[in-house]
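Q: build me a model from this:
(one chain, ligands or ions: 1)
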Amino acid sequence: MIIDGKQIAQQRKEELRKQVAGYTKQYGRAPGLDVIIVGENPASMSYVRSKRKAAAYCGIGGELIQLPETISQDELLGVIRACNKKEDVDGLLVQLPLPEQIDVQTVLEAIDPAKDVDGFHPSNVAALWLNDPAVVPCTPLGIMALLEESQTSLEGKHAVVVGRSNIVGKPIAKLLLDKNCTVTLAHSRTADLGAICSKADILVVAVGKPKMITGEMVKQGATIIDVGINRTKDGRLVGDVDFDAVAPVAGAITPVPGGVGPMTITMLMQNTIACYLKRINK
Ligand code: NDP
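A: Have a look, this model is predicted:
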């Protein structure tokens, strides 16, 4: 089975659009999402455009704020502080990566945690690990939604997550743990990755290397979630999993493109609405 992230994301966006219409009537204003981009990295430009397009589709307001590559850290922090103060802005994100003169952690910490729709602020990270109410990062949320939609049973299953970044690997491992999976978190120093992956009932791969996962690394019937986004020399988007070799072995698999990516953007809309409701109802 191919898990059609594009279709699932569209259905969920449709539901969010209806919710937003209702809330806008009820509360007298739409949710707002400001997206800040520094520089003109083509991949980042394409991501922020998709984010703003999804926001417009759902009836979410806000702005795309484009800043020059040469902006200083202090100037960027000033823009973030201004967005933090905007009454009609409920969600704020700064597209990563940032130019080298800017310290990413300082920027993430400057975002009001109540508007931190990416869930990257330390207080949201801590809340997630402490099981307190938290904004959960969008990609892990999207993966959980795909597992739910594909009716993958989680309790007692062995989940292997390859990649331990703060934005994908660690939070998805935590969410799977919360669903009572037994979780192995693998990384670049993991010895014999193939042996570990081949024991996984659920395999989540977030590395950024094409064909990392081959057919013989996968257990028959396993659910494979391919988070990776890589561009081939001829310009095609591919994941971290060798799809043609793995799909015949897997029980279910996400494609790239059309798997985790669209869900990530839909979850950003969901997080924006959740932040809006919290601010409106406080
Ligand atoms: P990072 O570069 O932050 O992390 C990559 C991880 O992969 C690290 O933990 C690294 O290990 C591990 N790794 C590298 N080489 C190997 C190896 N040979 N064997 C096992 N593990 C290895 O990446 P991100 O988590 O930010 O992103 C991962 C991928 O997911 C990228 O392709 C990115 O574009 C994509 N992505 C997709 C999203 C979507 O919406 N679809 C959203 C976010 C990311 P170590 O820690 O030891 O260095």
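
Q: give the contact list for residue 138.
A: 117, 118, 119, 264, 265, 267, 268, 271 (Cβ atoms under 8 Å, 6 or more residues apart in numbering). Every residue, glycine included, has its C-beta placed from N, CA and C.

Q: what's the pLDDT at it?
A: The model reports residue 138 with a pLDDT of 98.

Q: most neighbours among the contacts of residue 138, which one?
A: residue 117 (30 neighbours; other Cβ atoms under 10 Å).

Q: hmm, it is touching residue 94, no?
A: No: look at residue 117 against residue 94 with Cβ atoms under 8 Å: they stay out of range, at 10.8 Å.

Q: ok, residue 116 - contacts?
A: Each residue near residue 116 by Cβ under 8 Å, 6+ apart is listed here: 92, 93, 108, 124, 135, 275.

Q: which among these gets closest to the ligand?
A: residue 93 (12.6 Å; Cβ to the nearest ligand atom).

Q: what's opposite the closest one in the beta bridge?
A: With DSSP bridges as the criterion, residue 93 is bridged to residue 35.

Q: helices of the stretch 101-250 of the chain, start to end?
A: Along the stretch 101-250 of the chain, counting by DSSP state H, counting those that start in this stretch, helices occupy 104-110, 122-129, 138-149, 169-178, 193-197, 243-246.

Q: give me whichever of these is most buried.
A: helix 138-149 (a mean of 23; mean count of other Cβ atoms under 10 Å).

Q: any idea of the angle that helix forms with helix 169-178?
A: 30 degrees (axes from the mean of the first three to the mean of the last three Cα atoms, to 10 degrees).

Q: is helix 138-149 in proximity to the ligand?
A: Yes: with Cβ under 6 Å from any ligand atom as the criterion, the ligand is reached by helix 138-149 at residue 139.

Q: hey, C-alpha coordinates of that helix in PDB?
A: Provided in PDB are the C-alpha atoms of helix 138-149 (Å, rounded to 0.1, in the frame of the first residue of the first chain):
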ATOM      1  CA  CYS A 138       4.900  19.700  12.100                       C
ATOM      2  CA  THR A 139       6.800  16.900  10.400                       C
ATOM      3  CA  PRO A 140       6.500  14.500  13.300                       C
ATOM      4  CA  LEU A 141       2.900  15.400  13.700                       C
ATOM      5  CA  GLY A 142       2.300  14.800  10.000                       C
ATOM      6  CA  ILE A 143       4.000  11.300  10.300                       C
ATOM      7  CA  MET A 144       1.700  10.400  13.200                       C
ATOM      8  CA  ALA A 145      -1.300  11.500  11.100                       C
ATOM      9  CA  LEU A 146      -0.100   9.300   8.200                       C
ATOM     10  CA  LEU A 147       0.300   6.300  10.500                       C
ATOM     11  CA  GLU A 148      -3.100   6.900  11.900                       C
ATOM     12  CA  GLU A 149      -4.700   7.300   8.500                       C
END
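
Q: lovely, talk soon.
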